[in-house]
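Generate coordinates for the sequence data below:
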Amino acid sequence: MIAGEGNAPSRPILTGIRHGFPIFLGYVPLGFAYGVLAVQNGIPAVYAVLFSLFVYAGAGQFIAVGLWGAGASVFSIVFTTLVVNLRHILMSAAMAPWFARFTRFQHCIIGWGLTDEVFATHSMAMARGEKARLAPVYAINFTAHSGWILGTFAGAVTGDFLPDPKLFGLDYALPAMFLALLVPQCRDRLYTAAAILSGLLSVILALCGTGRWNVIVASVVTSTLGALLVTRHERRYSPGSKRIRNEC
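You can find the predicted model right below:
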């Protein structure tokens with residue numbers, strides 16, 4: 001056996017862990033904030049951790065905790081969480097071609113761990129033309145999820161002894177992580193314009209009183225316009241197009 005060959009199968013896993021570790025670092029304070037809010041709103045620590053283990057809804061969990069503390073009905077909590085997380089349908093559809101060669105069961109496992117930040121990481125790999133490999137994909141997903149669970153556990157255990165987590169600036173961890181994932185994707189004017197337009201539209205919709213729909217609507221509108229522009233550009237400058245023939 002060639003020296004080092006026995007370690008070869010672990011390299012894709014280590015690569016996935018390395019790519020997922022920044023998300024892990026971002027999820028720990030977010031999970032901590034969620035764990036604190038959960039126990040302060042009357043949710044037992046064990047249920048808060050189980051919520052992060054099996055539901056893994058991110059922003060939806062924060063909203064569910066707030067609704068629970070406000071005395072909302074179970075139907076309202078489930079429906080609101082469903083609406084907030086509808087964006088995962090769009091993310092899954094965008095990643096489907098990249099994961100097409102995997103089995104349906106593998107799709108279910110990958111989709112379960114497809115959060116916003118994980119989606120951004122996989123999207124950048126897909127945009128670079130990399131081939132989807134199961135080991136690093138799993139490693140990224142589970143590394144990120146472990147950060148969320150660890151943070152939740154720490155926050156739930158210490159939540160009764162801490163004041164509002166906003167006093168520590170933990171509520172800024174989520175937007176900071178989104179910004180860190182967004183900037184590398186602004187590779188040209190189209191991506192930069194889409195990011196700016198989406199942000200402005202989201203703020204305008206929020207000021208108009210659309211509630212949690214502002215992010216979903218802004219994302220759908222901006223991504224649709226971006227896709228139309230890209231399609232139009234590709235048709236305009238594709239080999240054999242009328243414009244190319246006329247210019248020749």
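
Model confidence for the most centrally placed residue in the chain, exactly?
Of all residues in the chain, the one closest to the mean position by CA atoms, centre = their mean is residue 116, 0.9 Å from it. On pLDDT, residue 116 comes in at 86.

Surely it and residue 84 touch.
No - using CB atoms under 8 Å as the test, residue 116 is too far from residue 84 to be in contact (11.5 Å). For every residue, glycine as well, the C-beta is placed using N, CA and C.

which intervals of this structure have sub-threshold pLDDT?
Where the chain drops to pLDDT under 70, the residues are 1-9, 163-178, 180-181, 211-212, 233, 237-248.

in it, which spans are helices?
Listed in chain order, the helices found in the chain under DSSP state H are 10-40, 45-54, 59-69, 74-84, 87-95, 104-112, 116-127, 134-158, 173-182, 189-207, 213-237, 242-247.

Can you list the buried residues in the third one?
By neighbour count on 16 or more other CB atoms under 10 Å, the buried set for helix 59-69 is 59, 60, 61, 62, 63, 64, 65, 67, 68.

What I need now is those residues written out in TSV, including distance to residue 120 for each item.
What follows is the buried residues of helix 59-69, written out as TSV (distance: CB to CB, whole Å):
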residue	distance to residue 120
59	15
60	18
61	19
62	19
63	21
64	23
65	25
67	27
68	29
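
quick one: which of the residues you listed is nearest to residue 228?
Checking those against residue 228 by CB to CB gives residue 59 as the nearest, at 28.0 Å.

Can you tell me, leaving aside adjacent residues, what's nearest to the closest one?
Excluding its sequence neighbours, the residue lying closest to residue 59 (CB to CB, 6 or more residues apart in numbering) is residue 84, at 5.9 Å.

Then residue 66?
residue 41 (7.2 Å).

Provide a list of residues in contact with the one you found.
Residue 41 makes contacts with 65, 66, 68, 69, as judged by CB atoms under 8 Å, 6 or more residues apart in numbering.

surely residue 210 meets residue 217?
Yes - checked against CB under 8 Å, the pair residue 210 and residue 217 is within contact range at 6.7 Å.

Let me know the distance separating the residue nearest to residue 59 from residue 22.
To residue 22, residue 84 is 24 Å away according to CB to CB, to the nearest Å.

Which one's more surrounded, these two?
A count of neighbours by other CB atoms under 10 Å puts residue 84 above the other of residue 84 and residue 22, at 22 against 17.

The more buried one against residue 63, yeah?
Yes - contact criterion CB under 8 Å: residue 84 and residue 63 qualify, at 5.9 Å.

any idea how far stretch 206-226 is from the chain center?
Computed by CA atoms, centre = their mean, to the nearest Å, the chain-centroid distance of stretch 206-226 equals 16 Å.

Would you mind pulling the contact partners of it?
Contact partners of stretch 206-226, identified using CB under 8 Å, 6+ apart, comprise 63, 80, 83-84, 86-87, 90, 190-191, 194, 197-199, 201-203, 205.
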